[in-house]
Structures are given as structure tokens and as C-alpha cells.
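below: sequence and its predicted model.
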Amino acid sequence: MKERIARIPVLKQVYKQWYQHKFANDCYGCFWGVFETFEEAIRAAPATKTIGYNCPELARAYQREIEAHTSSAADLGTANQALMRSFDYPVLYWIAHIRQVTPLDSIEFFDFGGNLGIHFLSYANYLDLPSSLRWIVCDLPEIVKLGTSQNKDSRLTFTTDFQLASGSDIFLASGSLQYDEADIALKINSLDRKPKHLLINRLGLYDGRKIVTLQNGGKVFYPQYIFNRSEFIQSLQLIGYELIDRWEDNVDKCYIPFHPEVNVHCYHGFYFKLNTGVKA
Ligand SMILES: C[S@@+](CC[C@H](N)C(=O)[O-])C[C@H]1O[C@@H](n2cnc3c(N)ncnc32)[C@H](O)[C@@H]1O
């Protein structure tokens, strides 16, 4: 229906104005525009919200979300399981597989965009994480500030320093690489020691050219990439990683009105392993 309206010029204009107004306000999760750069997307953003994840109010909203999930499930004895979502299970499967060859007590996780420790909290329930394990969440300053102030678990630490990914065993990035303007392959390649395993989840990719779009995130707008699938995979293969597995995330998707060429029905997850012989 929306596509049919978009073919009639007058209706297209009316629909565009209506959508732009909606996008500027309460259209949580909606996308707007195709841009070349983050800067261009930010310039095109409505003035109704601030830009980006580095926002104290957003950090507090994440905290309330975690509390709501865990308290509603607490009486069933499943508090942290309630934080698991369908797209988390392939990652859990591969962590369980990796622990068969590398005991978890010597594993260091680097969780890029790990928010307030949501993956640590949810996976801990399934993996029986030992006290000697190190789980580093790397996120933006406001998230790191709140995460650190509330953290009571010595296995979990928060940082803004990407260099701490150097030498980690498992580099996890769930729904986060697309929000970082920098190229992840270049960032990983610049580390002294590359992570051995990359578990990348909730990523928007398709067969067209890499673009930037803008999303309404409720309290803020965020610019983000939709990657070209083969370019993204090759960028990691070129720095020494082998693609072991990929899976669909059928929760996240990207439909950008007036840009039918960027229609991403589902997001994807990947497991890459560092080739033997490449310096870890
Ligand atoms: C969509 S949330 C995903 C949170 C969580 N990993 C998950 O899968 O539910 C994106 C996360 O990436 C973080 N993020 C965005 N840009 C980042 C950057 N440049 N460096 C580190 N973290 C970033 C955000 O603060 C947020 O915690």
C-alpha cells in the first residue's frame, strides 16, 4: 500500500510530509533517508531529539528496561534468562562451542557496545561463568559511567578504550558496529594482538552499496551504516579471519521510506575465527 501511494506524485508528497513529521516525533525504530556520511545524516536530522547513544537519559532508560525484564521474571526464578532474545542464541551456541577448546576461566571477552552489561548478565545464567573470567564492556562514556557506578560483579568491567580489545579471546559486537563511524576491520587490524574469535550479531547488510541512514531511537536519533554484505565479510577476511558461520536475526530489519533499494528484511550475525598463523 505504502509503495502504491509513493507512485502517485501528490499522494507521495502528502505521505512524505506526514512521515517526516511522524519520524521527527514518536516513530520509534523508524528510518529516514539515505546519506553518504554520518555528518550528512546528522545535518538532516529533525531538531526534536539529540543525536547518538551518548546520552544520560538513554542510559537510565536502558537501566529501567533491564530492571523491568528481570523483576517481571524474578518470581519464576528466570530473572536473567528474561534478558535473552531470539538473536542471542546463535552467539550463546558459539561461546559454548569455543569453551570446549578454550576453558572459560581463561577467556577474556571484549563486548563492543555491550551496553550496561546485558550480554554478560544474560549469558552468565547459561554458561556458569567462573570468577576468574574477564568480561570487558566497551561503550560510550554515559553508558560506561552508569554501568561502572552500578556494577557489583568483579568479572565485569566497563571502558571506552577500544585498545583493550587487544589480545581478547572473544570479541562480541551485538547491534553496535553500525553505529560506529570508524571501519571495524581497520580498528581491529590496528590492535597489537587481534581477538581470536569475532561474534558479530544484529548487523544490517544487503547486496547494494554501503549507505548511512538515520533511525528514530525514541529519546534520540542515531546515524548508522547499512553495510554491503560481501565488502563487510571480505574486510575481515583480508585481515586474517575465516568466516565460520552466519545466521539470520529476524527481529531487526530496515525499511527506509522512498528508498525501496535499501530493503533489509532481516539482520545477520557472523562467527569469524582468526586463521592459525595470524598473530593473535
Ligand atoms: C542497539 S544497542 C545494542 C546493545 C546490546 N549490545 C544489544 O545487542 O542489545 C547499541 C549499543 O552500541 C553502543 N555504541 C554505539 N556507538 C558506539 C561506539 N562508537 N563505541 C562503543 N559503543 C557504541 C550504544 O551505546 C549501545 O549500547
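Nice, thanks for sending it over.

report the secondary structure state of Y15.
When the structure is reduced to helix, strand and coil (DSSP: H, G, I helix; E, B strand; the rest coil), Y15 reads as helix.

for it, the count of nearby residues, please.
16 (other CB atoms under 10 Å). Backbone N, C-alpha and C define where each C-beta goes, glycine included.

from R246, how far out is it?
Using CB to CB, to the nearest Å, one obtains 35 Å as the distance from Y15 to R246.

what's the closest non-adjacent residue to S235?
The spatially closest residue to S235, leaving aside those adjacent along the chain, is A185, at 3.8 Å (CB to CB, 6 or more residues apart in numbering).

quick one: mean pLDDT for the helix or strand encompassing F227?
In the assignment (DSSP states H and E), F227 maps to strand 220-228. Averaged over strand 220-228, pLDDT sits at 97.

that strand - contacts with which helices or strands?
Contact partners of strand 220-228 among helices and strands, from 3 or more CB pairs under 8 Å, 6 or more residues apart in numbering; DSSP states H and E: helix 38-44, strand 50-51, strand 205-206, strand 211-216.

okay, those, which one's buried deepest?
Between these, strand 211-216 has the highest mean count of neighbours, a mean of 22, where neighbours are mean count of other CB atoms under 10 Å.

that one vs strand 220-228, what angle?
Relative orientation of strand 211-216 and strand 220-228, computed by axes from the mean of the first three to the mean of the last three CA atoms, to 10 degrees: 150 degrees.

rewinding a little: distance to the ligand added to the helices and strands packed on strand 220-228, as TSV?
As requested, the helices and strands packed on strand 220-228 are exported to TSV (distance: least, CB to the nearest ligand atom, whole Å):
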stretch	distance to the ligand
helix 38-44	10
strand 50-51	11
strand 205-206	16
strand 211-216	9
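
separation between the residue nearest to P46 when sequence neighbours are not counted and the ligand?
Excluding its sequence neighbours, the residue lying closest to P46 (CB to CB, 6+ apart) is A24, at 3.6 Å. From A24 across to the ligand, the span is 21 Å (CB to the nearest ligand atom, to the nearest Å).

distance check, T276 against the ligand.
29 Å.

can you get me a residue count around that residue?
Using other CB under 10 Å: T276 sits among 8 other residues.

that one in helix, strand or coil?
T276 is classified as coil under three-state DSSP.

now D161, nearest residue through space, not along the chain?
Going by CB to CB, 6+ apart, D161 has C138 as its nearest residue, at 7.0 Å.

for V144, same thing?
Of all residues beyond its chain neighbours, the one nearest V144 is F158 (4.4 Å), with distances taken as CB to CB, 6+ apart.

quick check: next helix or strand after the helix or strand harbouring that neighbour?
Of the helices and strands defined by DSSP H and E, F158 is found in strand 156-159. Downstream of strand 156-159, the first helix or strand assigned by DSSP H and E is strand 170-174.
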